[in-house]
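Student: Build me a structure from this.
(one chain, ligands or ions: 1)
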Amino acid sequence: MENNKFEKPIYVTRPLLPPISDVTGKLEEIWASQWLTNNGAQHQSLEKEIQSFLKVPNTCLFNNGTIGLIVAIQSLRLSGEVITTPFTFPATPHVLTWNGITPIFCDIDEQTMNIDAGKIESMITPRTTAILAVHVFGVPCDVAAIETVARRYGLKVIYDAAHAFGTEINGRGIGTFGDISMFSFHATKLFHTVEGGCLTFNDSDLKQRIDLLKNFGIKNEDEVVMPGINGKMNEVQAGIGRSVLTMVPDEMKKRRHLRDIYNVMLGSVSGIRLQKEISGVKDSYQYYVIRIVADEFGMTRDEVYERLQPFNVFTRKYFYPLASDYTCYRQIPSSARDNLPVASQVVQETLSLPFYGGLSEEDVRKISSLIIGLQGR
Ligand SMILES: *Cc1c(COP(=O)(O)O)cnc(C)c1O
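Tutor: Now for the predicted structure:
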């Protein structure tokens, strides 16, 4: 057992770090400009580069993804209730609460682990103004079905695309679906600006409003036209992001290779389910997540999580616990377990494994063998 132990702890991810000389080069440009924030040269360049990478018509950069989502909701003037998923990161329901909106939790689809588009209609009330869906682990939601139900009831659609940087459906950028999408550039995400994020949208008229909202609503020296917030990305973030962006295609290629190895090693193990690949979908390679079906595997997900730690393998139980189980949301009627049978099951089974380009093939084989070796112990 001990000789299988990794020398150093292995975590689920490691930030993509450009060569330091690249970063100091960007810092020299920023210093020379004497312009540190408020739509500087780095910001303007990154915004264009992101727009082209994501294949979207409009982009607006933010100091983090969560503030981006808060502003997205403000820009569409949403209120009342918004239908969302309980299987997500805390930011998703919280941005609704920060806008005085009640999150209404809809169950998820067993295969994709995204909001179950077929169940959205049954959650709509006269107070519903929008759907806030998440492309969980970078796998796209059923965007066509969501659009159909949104059109029928006149609802807005916002996508939390925090995991979906680079995801495409039949060559179309994922950020072009719905009214607005949010991408997170946090250090744990594949592409990052240390902290940061962006909104993407098709309606060019939204650009001016969103730009005002992220800068206190300041229109000019004489006019403040709306109650905005400080959501601006600064020049250091943008400069580092420009360096990181050049590394993204190679990082994705490495991750694709490592994913193939995991899939081959774990794909036929009884009790382990892999994420379904959807035809026509280009992946974001954000996470590698398996599901442990306890009855078949002979051990629960929690046991697997714990038993890997002595080997220095630190996995994560994304997205445990369900948002509907947080103390602040438990009392909402839609949070009841019997409204969320699939999410309640899936949240017990998902395990995010170490996944980043700096892992070797050997590491991935070893982690897979350790998991397989737990069976029957
Ligand atoms: C990371 C993440 C966020 C938050 O993004 P920040 O940039 O850290 O504010 C929101 N939603 C999901 C699903 C995330 O994974």
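
Student: Every contact and neighbour count from this point should use C-alpha atoms.
Tutor: OK.

Student: so how far is Phe105 from Ala133?
Tutor: 10 Å (CA to CA, to the nearest Å).

Student: neighbour-wise, which of the two wins?
Tutor: Ala133 (30 against 26; other CA atoms under 10 Å).

Student: what's the neighbour count on the residue lying closest to Ile272 once chain neighbours are set aside?
Tutor: Nearest residue to Ile272 in three dimensions, chain neighbours excluded: Ile292, at 5.0 Å (CA to CA, 6 or more residues apart in numbering). Residues within reach of Ile292, counting by other CA under 10 Å, total 24.

Student: near the ligand, which residues of this protein?
Tutor: In this structure, the chain approaches the ligand at residues 64-66, 88-89, 91-92, 160, 162-163, 184-186, 196-197, judged by CA under 6 Å from any ligand atom.

Student: Please state the offset of the longest strand belonging to the chain from the chain centre?
Tutor: With secondary structure taken from DSSP state E, the chain has its longest strand at strand 128-134. Counting by CA atoms, centre = their mean, to the nearest Å, strand 128-134 is centred 16 Å from the centre of its parent chain.

Student: Can you classify the closest residue to Val347 other than its chain neighbours as helix, strand or coil?
Tutor: Spatial nearest neighbour of Val347, chain neighbours left out: Tyr320 (5.8 Å); criterion: CA to CA, 6+ apart. Applying DSSP: H, G, I helix; E, B strand; the rest coil to Tyr320 yields a three-state assignment of coil.

Student: and what of Gln74?
Tutor: Going by three-state DSSP: Gln74 is helix.

Student: which residues does it contact?
Tutor: Asn99 (CA atoms under 8 Å, 6 or more residues apart in numbering).

Student: hmm, back to that, can you work out which residues contact both of Ala133 and Phe105?
Tutor: 83-85.

Student: Of those, which is the nearest to the ligand?
Tutor: Thr85 (10.3 Å; CA to the nearest ligand atom).

Student: Touching, the closest one and Ala117? I think so.
Tutor: No - with contacts counted by CA atoms under 8 Å, Thr85 stays clear of Ala117, the gap being 10.5 Å.

Student: Name the residue in these two with the higher neighbour count.
Tutor: Set side by side, Thr85 and Ala117 show more neighbours around Thr85, with 28 against 21, by other CA under 10 Å.

Student: Please report the distance of the more buried one from Arg307.
Tutor: 30 Å.

Student: Can you report phi and psi for Pro15?
Tutor: Dihedral angles of Pro15 (phi, psi; degrees, to the nearest 10) stand at phi -60, psi 140.

Student: domains for this structure, by residue range?
Tutor: Annotated domains of the chain cover 20-245, 247-374 [automatic domain parsing].

Student: before we move on, back to that, what's next to the longest strand of the chain, contact-wise?
Tutor: Counting by CA under 8 Å, 6+ apart, 78-85, 88, 92, 114-115, 141, 150, 154-162 sit against strand 128-134.

Student: so for that strand, what's the average pLDDT?
Tutor: Mean pLDDT, computed over strand 128-134, is 98.

Student: next structured bit after it?
Tutor: helix 143-153 (DSSP states H and E).

Student: For that following helix, output the C-alpha coordinates as PDB.
Tutor: Written as PDB, here are the backbone C-alpha positions of helix 143-153 (Å, rounded to 0.1, in the frame of the first residue of the first chain):
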ATOM      1  CA  VAL A 143     -30.300  24.700 -24.700                       C
ATOM      2  CA  ALA A 144     -33.000  24.000 -27.400                       C
ATOM      3  CA  ALA A 145     -35.600  22.800 -24.800                       C
ATOM      4  CA  ILE A 146     -34.800  25.600 -22.400                       C
ATOM      5  CA  GLU A 147     -35.200  28.200 -25.200                       C
ATOM      6  CA  THR A 148     -38.600  26.600 -26.100                       C
ATOM      7  CA  VAL A 149     -40.000  26.800 -22.600                       C
ATOM      8  CA  ALA A 150     -38.500  30.300 -22.100                       C
ATOM      9  CA  ARG A 151     -40.200  31.600 -25.300                       C
ATOM     10  CA  ARG A 152     -43.500  30.100 -24.400                       C
ATOM     11  CA  TYR A 153     -43.600  31.800 -21.000                       C
END
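
Student: That helix - what's its average pLDDT?
Tutor: So the average pLDDT for helix 143-153 ends up being 98.

Student: Likewise for stretch 248-259?
Tutor: 98.

Student: mind listing what's buried in it?
Tutor: By 16 or more other CA atoms under 10 Å, the buried positions in stretch 248-259 come out as 248, 251-252, 254-256, 258-259.

Student: Quick one: distance of it to the chain centre.
Tutor: Using CA atoms, centre = their mean, the offset of stretch 248-259 from its chain centre is 18 Å.

Student: Show me what that stretch is in contact with.
Tutor: Here stretch 248-259 has contacts from 190-191, 284-285, 288, 355-357, 360-361, 364, using CA under 8 Å, 6+ apart.

Student: hmm, 10 Å instead?
Tutor: 16, 166, 190-192, 245, 261-263, 265, 283-288, 355-365 (CA atoms under 10 Å, 6 or more residues apart in numbering).

Student: now do stretch 323-337
Tutor: 83, 85-94, 97, 102-107, 123, 322, 339-340, 343-345.

Student: what's the model's confidence in that stretch, averaged?
Tutor: pLDDT averaged over stretch 323-337 gives 97.

Student: ditto for stretch 361-374
Tutor: Computed over stretch 361-374, the average pLDDT equals 97.

Student: No further queries at this time; thank you.
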